[in-house]
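Enquirer: below is the sequence, then the predicted model.
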Amino acid sequence: MALNEHLLYTYIFIFLATGIAVAAAPLIIARVLRLSRRPGDTALQAYECGIKTQSYAWDSRYGIAYYLYALIFLAFEVDVLYLFPVIAAFNAGSRTKAVMLLGLFLTVLSLALIYAWKKGSFEWKTPDVGNSSQEQN
């Protein structure tokens, strides 16, 4: 029995060592094959689709609408992911209770969507930059 346990631990050790080696190999190869130690100025600039950069990344400001869209998307995406386990476990247990809980969940999700819609979170507002002089002419 002791020999089988040692053999089992040996297999686990070999599996872990192989996993660590496979994960570390690309890092080590990249470190060895790296040509220059210091990146140039071009490598440190932000890439903007082939266009020369106009400012540093920390100097420019983005509208809050980008972040609101991202947060709303993440919230609803995570909520939709909760539906998959509910559907998978639909056959286990009481169907009436499952349908009621699913309906409650979808109702709360719908109320959150209606609230964000009424609040105007889905309206894209663009700033009028430079248009005031054209409107006066």
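Expert: Yep, that arrived.

Enquirer: tell me how this structure divides into domains.
Expert: 2-37, 64-125 (automatic domain parsing).

Enquirer: now those domains in CSV, with mean neighbour count and mean pLDDT?
Expert: Where C-beta positions appear, they are placed from N, C-alpha and C, glycine not excepted. What follows is the domains of the chain, written out as CSV (neighbours: other C-beta atoms under 10 Å; pLDDT from 0 to 100):
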stretch, mean neighbour count, mean pLDDT
domain 2-37, 9, 86
domain 64-125, 11, 79
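
Enquirer: surely A98 and V86 touch.
Expert: Yes. Taking C-beta atoms under 8 Å as the definition, A98 is a contact partner of V86 at 7.0 Å.

Enquirer: and the longest helix for the chain?
Expert: Secondary structure of the chain read by DSSP state H shows that its longest helix is helix 2-33.

Enquirer: and it, what does it pack against?
Expert: Applying 3 or more C-beta pairs under 8 Å, 6 or more residues apart in numbering; DSSP states H and E, one finds that helix 2-33 makes contact with no other helix or strand.

Enquirer: cheers, nothing more for now.
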